[in-house]
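Q: sequence first, predicted model second:
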Amino acid sequence: MLESCLLSCKDVAVIRGARCLLSSLDWHLHGGELWQIQGDNGAGKTSLLRALAGLAPQSIEGQLVVNSEFLFLGHKTGVKGDFTALENLKLQLGDGAHYQTDRLRDALRQVGLADYADEFAYRMSAGQQRRIALARLFLVDMPLWLLDEPLTAIDVDGVALIEACIEDQVRRGGSVVYTSHQPLKLDLSSRTLYLPGKGQSPHVA
Amino acid sequence: MSHSVFGKILVRQLLLAYRRPAAVLNPLFFFGVVVLLMPLGLGPKQTVLAEFAPGLLWITALLAALLSAEMLFRSDYDDGGLEQLVVSDDSLYLASLGYIVAHWCLTGLPLALFSPVFGQLLALPAEGYLALATSLALGTFVLSAFGCVGASLTVALRRGGMLLSLLLLPLEVPVLILGAGVVERAINGMPIDSLLSILAGLALLAAALTPVAIGTSIKISLEV
């Protein structure tokens, strides 16, 4: 069972410091599924996502198996102010043959930054910097996306863009797990993992 | 993609330094100011300055390296660059080596290249110039490697600068003794091959082993 899933949790608890954020999580994610992780502030959404991404192995108890390559987009975007939008993409992805400049410019165009490709990121707004990070979604072909609050600082057009991007990923058979307080308006069936917080067991809604 | 991560980190750090030249010039400026102040503190007697020059130059190089170490991973930690590095399939070992080499290119190498000028300011005998530059080139690589280990361990801590100094100084003192010894022996006309070989060996050992510690420390820091 565990091996056939992209991601599988069996009796998983997430602990941060002395505080148990959630416990007894049994959850399996297959290809083509879209999951929203919901919960109040401090319920453990980001901690769970970071644990899934392998960034916090010490805070996990139980059996967590990730059988897939994934793309992780956290609260922090990895975008550097001293580089242009184009340089940021180049340096994040590597400057190999797979990422020719035209392709990178095209990705920036898709996130609405066609005119900002050669602009330094420090001159851009937080939303625009986030769009640079989101441009990676158009460039990296990964079966699983882990997105932590992808809508932060994004305007209405940007939200529509992310929704289209996620729909496309799921229709291609990929999977997306995202945390958000604001549900996305998608023409897809989506499932929600609700984290009640205070160390309680999450449930599927 | 792991074969390119060393180059990717190196290019990125060098480009960042080019965009923020103060980061490169700070250690050099610090080195220059301290060297210029020495004759004011010790007096202008050339014999006195020459006697202390090897030790003073090496102590200054060590402090300059220490000064620049704290900020090594700071911006990458703050903007999420380290997170992206860890979750990518890139080799953390090669990435860490990239950080060390970049730091050395930006701090140790310029110090080594300019050291004869600073040596002259402290009345260092001409026989010591080459030994000073060579020992600094090798020794500062070790200092950069140790600096990266300390910086990766303390990057998640607020005000980790003091802890960083406490961690690094005991590790760096042997390099200081060896480096100053090389210059001292060169001035006195003694062979320096053996000490330089030890410094080169230390540099190779640091290049081979410290990336493992840096990679592990980065992962630990991201958990905090």
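A: Done, it's in.
Q: every contact and neighbour count from this point should use C-alpha atoms.
A: Fine.
Q: residue farthest from the centroid of chain B?
A: In chain B, the greatest distance from the average C-alpha position (Cα atoms, centre = their mean) is reached by B:Lys45, at 30.2 Å.
Q: name the spans of chain A whose pLDDT lies under the cut-off.
A: Regions of chain A meeting the criterion pLDDT under 70 cover residues A:1-4, A:94-99.
Q: so how far is stretch B:90-110 off the chain centroid?
A: Put simply, stretch B:90-110 sits 11 Å off its chain's centre (Cα atoms, centre = their mean, to the nearest Å).
Q: and that stretch, does that touch chain A?
A: No - Stretch B:90-110 lies out of reach of chain A by Cα under 8 Å from any Cα of the partner chain, never closer than 10.0 Å.
Q: how about the helices in chain B?
A: With helices called from DSSP state H, chain B shows them at B:5-19, B:21-42, B:46-69, B:74-79, B:81-87, B:92-103, B:109-121, B:128-154, B:161-187, B:193-223.
Q: next one: phi and psi at the residue of chain A found nearest chain B?
A: Here the residue of chain A nearest chain B is A:Gly78; by Cα to the nearest Cα that distance is 4.1 Å. A:Gly78 adopts backbone torsions of phi 80, psi 0, taken as degrees, to the nearest 10.
Q: what is the neighbour count of it?
A: The tally of other residues near A:Gly78 (other Cα atoms under 10 Å in any protein chain shown) stands at 26.
Q: wait, it sits on B:Asp76?
A: Yes - judged on Cα atoms under 8 Å, A:Gly78 makes contact with B:Asp76 at a distance of 7.3 Å.
Q: which element is A:Ser24 on?
A: Per DSSP states H and E: A:Ser24 is located in strand A:19-29.
Q: starting at the chain centroid, how far to that strand?
A: With Cα atoms, centre = their mean, you get 18 Å for strand A:19-29.
Q: can you list the buried residues in it?
A: A:Cys20, A:Leu21, A:Leu22, A:Ser23, A:Ser24, A:Leu25, A:Asp26, A:Trp27, A:His28, A:Leu29 (16 or more other Cα atoms under 10 Å in any protein chain shown).
Q: and of those residues, the nearest to A:Lys90?
A: Taking Cα to Cα as the measure, A:Leu29 is the one of these closest to A:Lys90, at 31.1 Å.
Q: was I right about that closest one contacting A:Cys5?
A: Yes - with contact defined as Cα under 8 Å, A:Leu29 and A:Cys5 form a contacting pair (5.7 Å).
Q: and chain A, which residues reach chain B?
A: Within reach of chain B by Cα under 8 Å from any Cα, chain A has these residues: A:53-59, A:71-72, A:74-80, A:82-83, A:91, A:94-95.
Q: and if we set it to 6 Å?
A: By Cα under 6 Å from any Cα of the partner chain, the residues of chain A that approach chain B are A:Ala56, A:Lys76, A:Thr77, A:Gly78.
Q: wait, what's in contact with the first one?
A: With Cα atoms under 6 Å, 6 or more residues apart in numbering or on different chains as the criterion, the residues that contact A:Ala56 are B:Glu223.
Q: so how far is B:Lys45 from it?
A: Distance, A:Ala56 to B:Lys45, by Cα to Cα, to the nearest Å: 59 Å.
Q: buried stuff in stretch B:14-25?
A: Buried-residue list, stretch B:14-25, by 16+ other Cα under 10 Å: B:Leu14, B:Leu16, B:Ala17, B:Ala23, B:Val24.
Q: what is the burial count for the spatially closest residue to the first one that is not a sequence neighbour?
A: For B:Leu14, ignoring the flanking residues on the chain, the nearest one in space by Cα to Cα, 6 or more residues apart in numbering or on different chains is B:Ala102 at 6.5 Å. Neighbouring residues of B:Ala102 were enumerated by other Cα under 10 Å; the total is 23.
Q: could you do the one 10 residues further on as well?
A: Here the count is done by other Cα under 10 Å, and B:Ala112 has 23 residues near it.
Q: how about B:Phe30?
A: 16.
Q: need the pLDDT of it.
A: pLDDT, B:Phe30: 90.
Q: and the nearest residue to it once chain neighbours are set aside, how many neighbours?
A: Leaving out its chain neighbours, the residue that sits closest to B:Phe30 by Cα to Cα, 6+ apart is B:Ala64, at 6.6 Å. Using other Cα under 10 Å, B:Ala64 has 22 neighbouring residues.
Q: give me the element the most centrally placed residue in chain A is part of.
A: In chain A, the residue lying closest to the centroid (Cα atoms, centre = their mean) is A:Leu147, at 1.3 Å. When elements are assigned from DSSP H and E, A:Leu147 belongs to strand A:144-148.
Q: now what about the helix or strand following that strand, what contacts it?
A: Towards the C-terminus, the helix or strand next in line after strand A:144-148, according to DSSP H and E, is helix A:156-171. With Cα under 6 Å, 6+ apart as the test, helix A:156-171 has contacts from A:Gly32.
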